[in-house]
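In: quick one, structure for this:
(one chain, ligands or ions: 1)
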Amino acid sequence: MNTFYKILFGLSLLLATGCKQATGNKLYLGNRQIKVVATTTMIADLLNNAGKGRVLVESLMGPGIDPHSYEPRESDVSRLMDADVVFYNGIHLEGKMADLFEESSKKKHVFAIADGLLPADIRKEIQTNTPDPHIWFDVQLWIKCLEFVSAKLIEIDPENSAIYNTNKTNYLATLNDLHKYVKQQSEKIPNEQRVLITAHDAFGYFGNAYGFQVRGVQGINTVAEANSGEIGSLATFMVKNKVRAFFVESSVPRKNLEKLKEVAALLDPSFVLSSGGELFSDALGPKNSPAGTYEGMVKHNIDTILKALIP
Ligand SMILES: [Zn+2]
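Out: Reported below is the predicted structural model:
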């Protein structure tokens, strides 16, 4: 059986063994913990905080994995089969998993955390008017996602609402401090130097929230290849505005940034572009590393940006 048919077979099993109840979202769990499957490492971290003490969280994608191009594997179907509830980002971040979510939602609780935001919160890519899925980079939007996730956990497991409310209060304080920290660090960089050049356009929400002009070599989706025209126009922008630092990303190959460097050198041989360091964009750092949590990732990014833009 090839992988496609194995996944289809798995899906039919998933439907046969689903456990969604007819009475609202409440699950009959007894004393056991809720088995949660999250797609990205950021969402897994959010659930670990919101559900502390009550959830067992598994993330389908690990550190360094690009969610835009991620194709579900056979083992993912069995992890979904086993879960009580599935949380994913939405806004087409997990572009190749849409069918799997749709099928799963017939029998499982499947929630897109972007549903916790208002239409006005969603940024659109300027050229294409495509909604941008990278909502986690505005800490205040992530706070709304925390509120959404906490509300869903309470619907599923109302007997333990006190635990979820305490978890929410605690993590809300952490996220409010984090938002203040990013704001304070950003304000150390003069306005005209707040320009962020990255491998793909993941930092639009970050730019809007903290006052950075952001340009990515690729658009908001890494699936479409950057063409030489886009690389050329970005190189021209950098040379003209004397923006010397670009940032590599943990989940995106570096080849486009290397090309950018070559084109800028052709435009002005005296102009040397250099890497400002690595940012974590669509996945957290390795477990137990400083960027292995959402809070650590956001701090790593702003500290790296500050160091590169104010040498
Ligand atoms: Zn992305």
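In: near the ion, which residues of the chain?
Out: 202, 282 (CB under 5 Å from the ion). C-beta: built from backbone N, CA, C; applies to glycine.
In: so where's the longest helix in the chain?
Out: helix 161-187 (DSSP state H).
In: contacts for the next helix or strand after that one next, please.
Out: Sequence order places strand 195-200 as the next helix or strand after helix 161-187, per DSSP states H and E. Applying CB atoms under 8 Å, 6 or more residues apart in numbering, the contact partners of strand 195-200 are 203, 206-207, 212-222, 234, 238, 241, 243, 245-249, 252-254, 256-257, 260, 279, 281, 305, 309.
In: go again using 7 Å as the cut-off
Out: Strand 195-200 has contacts (CB atoms under 7 Å, 6 or more residues apart in numbering) with 203, 207, 212-219, 222, 234, 238, 241, 243, 246-249, 252, 256-257, 279, 305.
In: buried members of those into ChimeraX, please.
Out: This is how ChimeraX selects the buried members of those, with burial counted by 16 or more other CB atoms under 10 Å:
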select :203,207,212,214,215,216,217,218,219,222,234,238,243,246,247,248,249,252,256,257,279,305
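In: quick one: which of the contacts of strand 195-200 sit in helices?
Out: Using DSSP H, the contacts of strand 195-200 in helices are 207, 234, 238, 241, 256-257, 305.
In: residues contacting residue 37?
Out: 58, 60, 79-80, 83, 86.
In: and the strands in the chain?
Out: All strands of the chain, identified by DSSP state E, fall at 34-38, 55-59, 85-88, 109-112, 195-200, 213-218, 245-249, 274-279.
In: could you point out which of these sits nearest residue 161?
Out: Proximity to residue 161 (CB to CB) singles out strand 34-38 among the strands of the chain, at 13.1 Å.
In: got the phi and psi for residue 117?
Out: phi -100, psi 160 (degrees, to the nearest 10).
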